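# for reference, the sequence and a predicted model appear below.
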Amino acid sequence: MDDGTSTTRNGFEFYTLGFSLEEHYILQRILWIKFGLRSNIQRRGDKYCLYIPVAYTVILRELISPYIIPSFHYKLQRGGQFRKAK
């Protein structure tokens, strides 16, 4: 359950370093079509990771918060407190 984090820019970064660039494009398209989530592919040396911009973090939190175990709630924090989706 731990391959990503919220960033200092308040977006989310998924450490998808094991995926190729082509696979990142596929994942990016699926996130948009299925969930309405925009994402950016960011280079990390010779690898890539997926970044969800701050404008889409509310959608992401609502989608995933019911599945996050309590000890990982801090990963969904923004402005201090974790808020579960209703």
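That came through, no problem.
# skip the chain neighbours and tell me the closest residue to the most centrally placed residue in the chain.
Centroid check for the chain by CA atoms, centre = their mean gives residue 12 as the closest residue, at 4.2 Å. When the adjacent residues along the chain are set aside, residue 12 lies closest to residue 52, with 4.3 Å between them (CB to CB, 6 or more residues apart in numbering). Where you see a C-beta, it was placed from the backbone N, CA and C, and this is true even at glycine.
# please name every helix or strand in contact with the longest helix along the chain.
The residue-count maximum for a helix in the chain (DSSP state H) belongs to helix 21-35. Judged by 3 or more CB pairs under 8 Å, 6 or more residues apart in numbering; DSSP states H and E, helix 21-35 is in contact with strand 40-44, strand 47-52.
# on contacts alone, who are the packing partners of the longest one?
In this case it means strand 47-52. Right, strand 47-52 is packed against strand 12-14, helix 21-35, strand 40-44 by 3+ CB pairs under 8 Å, 6+ apart.
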